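Visitor: My questions are about this predicted structure, shown below with the sequence.
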Amino acid sequence: MRVIAPAEITAIVNVGDDLVLHGLHVSPDLDTVTYTVAGAIDRDRGWGLAGETWQAMEALRRYPQATTWFNLGDRDLATHLYRTDRLRAGAPLSAVTAEITAAWGLSCTVLPASDDEVRTRVTVPDGEIDFQEYFVHRKHDVAVSSVRFDGADAASPAPGVLDALTNAERLVIAPSNPIVSIAPVLAIPGIRAAVEERRARCVAVSPIVAGAALKGPADRLLRELGHDSSVVGIARLYAPLAATLVVDEADGDRAREVEAEGMRCVVAPTIMRDPDAAAALARTVLAA
């Protein structure tokens, strides 16, 4: 809102993290985007709703066979109940997402990458597991030898996704985990090609600062899967997709290495500590 009108923004969001829990369809990334833009996110946790209560989860722990390692807040449950009911009635995920974002007063467009089921699966020493088992239950504290996106090959982009990629004035690859947040979106047939076609108008923001992820396991996943956990490693991954990479000032001394990988390098503060910093980064990206 400080930089560009919300109605002019479309967010294409990963669905590989989705899961069915307690019979409910949970879409963590879609909900995090929705709650964040609505100003309702719990900023300390980075997920869920601010001021949340947990009475349902506390009551669930009474039962010995209950799954309680994935927390769902009392108010957050309403979103999952609504989504599940609408999906069972035959509405596609994109339509349900539009209904949810409208209910939260969002003016921007939030699109799931696909209406089809795509699930991120990771291979760890004792076998292949669901992404949330790795990320939440095991606290991403186990080595990963491979990642795949089950169902992606047969999936189609959700309505509006390819149009948004084709017609956008600027494409932005957000500083999310390139392995498990960005790659599942690109794995859906048609999406990577659409981004590559718009490479000259695409800007990526590095999720790695001074060799480390600010949050989550992106740096470890990159190393475990044979990539360089640095802005240079990010440039190698994103060079076919984006003409420009924005890197933090902490990595300014590596700008020439980034450009040697075929990307223009823009050095700027990238850590979004507060709304002012986020707005400044948005201006940098649009100017790039």
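Guide: Sure, I can see it.
Visitor: Surely Leu162 touches Ile188?
Guide: No: the pair Leu162 and Ile188 does not pass the contact test of C-beta atoms under 8 Å, sitting 10.1 Å apart. To be clear about C-beta, it is placed using only N, CA and C from the backbone, and glycine gets the same treatment.
Visitor: If you drop the residues flanking it in sequence, what lies closest to Trp47?
Guide: Spatially, and ignoring its direct neighbours in sequence, Trp47 is nearest to Thr32 (5.5 Å; C-beta to C-beta, 6 or more residues apart in numbering).
Visitor: and that neighbour, what helix or strand is that in?
Guide: With elements taken from DSSP states H and E, the one containing Thr32 is helix 28-37.
Visitor: And that helix, how far out from the chain middle?
Guide: Distance of helix 28-37 from its chain centroid, counting by C-alpha atoms, centre = their mean, to the nearest Å, is 9 Å.
Visitor: Equivalent analysis for stretch 242-259, please.
Guide: On the basis of C-alpha atoms, centre = their mean, stretch 242-259 sits 22 Å off its chain's mean C-alpha point.
Visitor: quick revisit: contacting residues around the residue nearest to Trp47?
Guide: Counting by C-beta atoms under 8 Å, 6 or more residues apart in numbering, Thr32 makes contact with Ile41, Gly46, Trp47.
Visitor: rewinding a little: sort out which residues of the helix holding Thr32 are buried, please.
Guide: Of the residues in helix 28-37, those buried under the neighbour-count criterion (16 or more other C-beta atoms under 10 Å) are Pro28, Asp29, Leu30, Asp31, Thr32, Val33, Thr34, Tyr35, Val37.
Visitor: Tell me if I am right that Gly39 is in a strand.
Guide: No: read with DSSP: H, G, I helix; E, B strand; the rest coil, Gly39 is coil and lies in no strand.
Visitor: where does Asp274 land on pLDDT?
Guide: We have a pLDDT of 88 for Asp274.
Visitor: what's it sitting at in phi/psi?
Guide: The phi and psi torsions at Asp274 (degrees, to the nearest 10) take the values phi -160, psi 170.
Visitor: do you know how far it is from Asp42?
Guide: In this structure, Asp274 and Asp42 are 16 Å apart, going by C-beta to C-beta, to the nearest Å.
Visitor: More neighbours: those two, which one.
Guide: For Asp274 versus Asp42, the count of surrounding residues by other C-beta atoms under 10 Å is larger for Asp42: 16 against 10.
Visitor: Give the full set of residues in contact with that one.
Guide: Residues near Asp42 by C-beta under 8 Å, 6+ apart: Gly48, Leu49, Ala50, Gly51, Glu52.
Visitor: Verify the stated contact: the third one with Thr36.
Guide: The one in question is Ala50. No: because the distance of 10.7 Å does not satisfy C-beta under 8 Å, Ala50 is recorded as not touching Thr36.
Visitor: Find the residue closest to Ala143 in space, skipping its chain neighbours.
Guide: Distances taken as C-beta to C-beta, 6+ apart place Glu224 nearest to Ala143, at 5.7 Å, with adjacent residues excluded.
Visitor: count of neighbours near that neighbour?
Guide: 19.
Visitor: And for Ala168?
Guide: A count of neighbours around Ala168, defined by other C-beta under 10 Å, yields 16.
Visitor: got the contact list for it?
Guide: Under the criterion of C-beta under 8 Å, 6+ apart, the neighbours of Ala168 are Thr10, Arg198, Arg201.
Visitor: quick one on the thing from earlier: so for the helix holding Thr32, what's the average pLDDT?
Guide: Computed over helix 28-37, the mean pLDDT rounds to 96.
Visitor: downstream neighbour of it in the secondary structure list?
Guide: Tracing the chain C-terminally past helix 28-37 and defining elements by DSSP H and E, one meets helix 55-60 next.
Visitor: Fine, thanks again, bye for now.
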